[in-house]
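A.B. asks: pasting a predicted model and its sequence here:
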Amino acid sequence: MIDLERRDKALQYLIDTDERAARAKSYMMGLAHKEKTILGQLVLDQRSLDGTVGEKEGRARNSEEYTEWRGKYENAVADYEIYRNRRNTAELIIELWRSENANKRQGNIT
């Protein structure tokens, strides 16, 4: 059974994380859109170097700048997913509480 205190904590968590969860998602999505720009610029920076476009892209993907972007992106995804999972859990707790109370009112649970 979900008690009122647990329900209230779940609801408060949702209230408290609305903005942070949205910002985490926005940051993650922004970083995702930057990948092509970063790779393109790194490949262009190699104009004077020999090699195919594929080889230049391979070097770009192994560059410090791309590796740094990749780390930021992976952390942003993890941050967003943590918020998303915790918020889903809070929503489930509230939904279970509602269901249990509806069953009590109908006499299905004592």
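C.D. replies: Arrived safely.

A.B. asks: check which helices and strands whichever strand or helix holds residue 41 sits against.
C.D. replies: Using DSSP states H and E, residue 41 sits within helix 4-44. Contacts defined by 3 or more CB pairs under 8 Å, 6 or more residues apart in numbering; DSSP states H and E place helix 4-44 against helix 53-61, helix 64-105. In this view, the C-beta of every residue, glycine as well, is placed from N, C-alpha and C.

A.B. asks: what about residue 30, distance to residue 69?
C.D. replies: Residue 30 sits 11 Å away from residue 69, taking CB to CB, to the nearest Å as the criterion.

A.B. asks: ignore what I typed, I meant residue 17.
C.D. replies: In terms of CB to CB, residue 17 sits 26 Å off from residue 69.

A.B. asks: low-confidence regions, this structure specifically.
C.D. replies: 109-110 (pLDDT under 70).

A.B. asks: can you redo the helices and strands packed on helix 4-44 as a markdown table with mean neighbour count?
C.D. replies: A markdown table is the format used below for those (neighbours: other CB atoms under 10 Å):
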| stretch | mean neighbour count |
| --- | --- |
| helix 53-61 | 14 |
| helix 64-105 | 14 |
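
A.B. asks: list the residues that contact the closest residue to residue 93 other than its chain neighbours.
C.D. replies: If the residues on either side of it in the chain are set aside, residue 93 comes closest to residue 10, at 4.1 Å by CB to CB, 6 or more residues apart in numbering. By CB atoms under 8 Å, 6 or more residues apart in numbering, the residues touching residue 10 are 89, 90, 91, 93, 94.

A.B. asks: I am finished for the moment; much appreciated.
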